[in-house]
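**Q** After the sequence you'll find the predicted model.
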Amino acid sequence: MKCIIVGGNVKVLSRAVLSLSRIGDELYLEPTENGLSLRSINSSRSAFASFLFAPIFFQRYEAGGPEPDTELFRCKVLMKSFLGVFRSLPSLEKTVEKCLILLKPQLSRLVVQLQCKYGVTKTHNLTFQECERLQAVFDTQRCASSLRAPAQLLVEAVVHFPLTLAEVTLRVDAGGKITLQNYVEDEAEPSKTMVTELCLAKEEFEAVAAVPDSHITFCLREFRGLLSFAEASNLPLSIYYDAPGRPVVFTLDDTMLEVNLVLATLSDPQNTPQHPTSNGVPHVPVPSDDFTDDLEAYMITMETSTRDPQNPTFPLSTPNPPPSDEEEDDEDGGAVPGTPPNKKFRSLFFGSVLTPGGPNPAPTQEVLAEDSDGEC
């Protein structure tokens, strides 16, 4: 893989990496015929983000090797190492004229070279690991509600919330009023709780097709990162969501790039899940199978499915785990800053749809050891 980025596109790439750094500690690189894909997921697998840069984004783009039959190579690097190359946005804009990204599988090196003014060249040799392709489980076409708004509108809305706020609730009432409110737990005392609510007019949005009295609660930290990129790129933001507990999808579309951010939402056991229609087409209900939080078993199921691995299409659904008496004991453990999968959040599921050796689905994996009941 070899690509060359020039001019202001170097800054766009650096902003994308900065946005992905709010998601996870690893950066997945996958060169495809449609462009270079950069992805990241968090450790709890409740947040996923992907940036797909089209070939026209680059001055020169080569997805594979010189031979036509060369297989595309996917890898992952430490986010901290890759982010260190683009750590100073003002310096990149003033000094960097060209950026070269070269993948050398034989040497296990990812070379990032910055060609600056006055003949200065900075070369970074990063180590990587070969990996499988990971894809979040979502499908925006099946979402019952969708919103589209200028990024500046949402930036001005979330600026009123403190940086330490973990979750925010988006609500659309029967009259079409759209509100953003900080999430307040049911156990919180009203006299000791501060509630911040912002009302947005329907006319401020470019498009609104939401189910009346619908709401979702999602993490704010990752959403802020996407908003910063959208505001700098001057791109409108689209929001697709369903009932509480199902993932919410944020998208940015442009001729040069495609951005997706998928976040788990807070489930609402008080309300019965509804399956409204969207554009006259009934929404497909979520299967009521007794799924557990065994991610590995779910990934194996996806790997051995008969779907086309080149064009994976998964329904937007998060399996509903059966109620357990141990949920209260597990709420205090395994918290991830910025993206808490505890409380009533349901983890998104990710599956390996391609193996490093070829396009065929991975074989069924044998479970060598069962998960322990206690903490490791």
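**A** That came through fine. Numbering: from 1, shown residues only.

**Q** Please, where are all the helices along this protein?
**A** Ranges of helices within the chain are 9-20, 79-85, 89-95, 151-158, 220-233, 295-303, 327-330, based on DSSP state H.

**Q** hey, least reliable of these by pLDDT?
**A** Note on these: lowest mean pLDDT is at helix 295-303, with a mean of 39.

**Q** follow-up on the earlier one: which one of the helices of the chain lies nearest to residue 256?
**A** helix 9-20 (7.9 Å; Cβ to Cβ). Every residue, glycine included, has its C-beta placed from N, CA and C.

**Q** Would you tell me which of the helices of the chain gets closest to residue 101?
**A** For the helices of the chain, the distance to residue 101 is smallest for helix 9-20, at 8.8 Å, taking Cβ to Cβ.

**Q** CA atoms only for the closest one, dumped as PDB, please.
**A** What follows is the C-alpha trace of helix 9-20 in PDB, where atoms were taken according to Å, rounded to 0.1, in the frame of the first residue of the first chain:
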ATOM      1  CA  ASN A   9      -5.700  17.100   3.000                       C
ATOM      2  CA  VAL A  10      -2.800  16.400   5.400                       C
ATOM      3  CA  LYS A  11      -4.600  18.400   8.100                       C
ATOM      4  CA  VAL A  12      -7.900  16.600   7.300                       C
ATOM      5  CA  LEU A  13      -6.200  13.300   7.900                       C
ATOM      6  CA  SER A  14      -4.700  14.500  11.200                       C
ATOM      7  CA  ARG A  15      -8.100  15.600  12.400                       C
ATOM      8  CA  ALA A  16      -9.500  12.200  11.500                       C
ATOM      9  CA  VAL A  17      -6.800  10.500  13.500                       C
ATOM     10  CA  LEU A  18      -7.500  12.800  16.400                       C
ATOM     11  CA  SER A  19     -11.200  12.000  16.300                       C
ATOM     12  CA  LEU A  20     -10.400   8.200  16.200                       C
END
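
**Q** for it, packing partners?
**A** Contact here means 3 or more Cβ pairs under 8 Å, 6 or more residues apart in numbering; DSSP states H and E; on that basis helix 9-20 packs against strand 35-41, strand 47-53, helix 79-85, helix 89-95, strand 96-104, helix 220-233, strand 257-263.

**Q** name the helices or strands packed onto the fourth one?
**A** Okay, so that is helix 89-95. Here helix 89-95 touches helix 9-20, going by 3+ Cβ pairs under 8 Å, 6+ apart.

**Q** Format the helices and strands packed on helix 9-20 as CSV; extra columns: mean neighbour count and distance to residue 20.
**A** As requested, the helices and strands packed on helix 9-20 are exported to CSV (neighbours: other Cβ atoms under 10 Å; distance: least, Cβ to Cβ, whole Å):
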stretch, mean neighbour count, distance to residue 20
strand 35-41, 22, 4
strand 47-53, 24, 6
helix 79-85, 17, 7
helix 89-95, 13, 15
strand 96-104, 19, 15
helix 220-233, 21, 8
strand 257-263, 24, 10
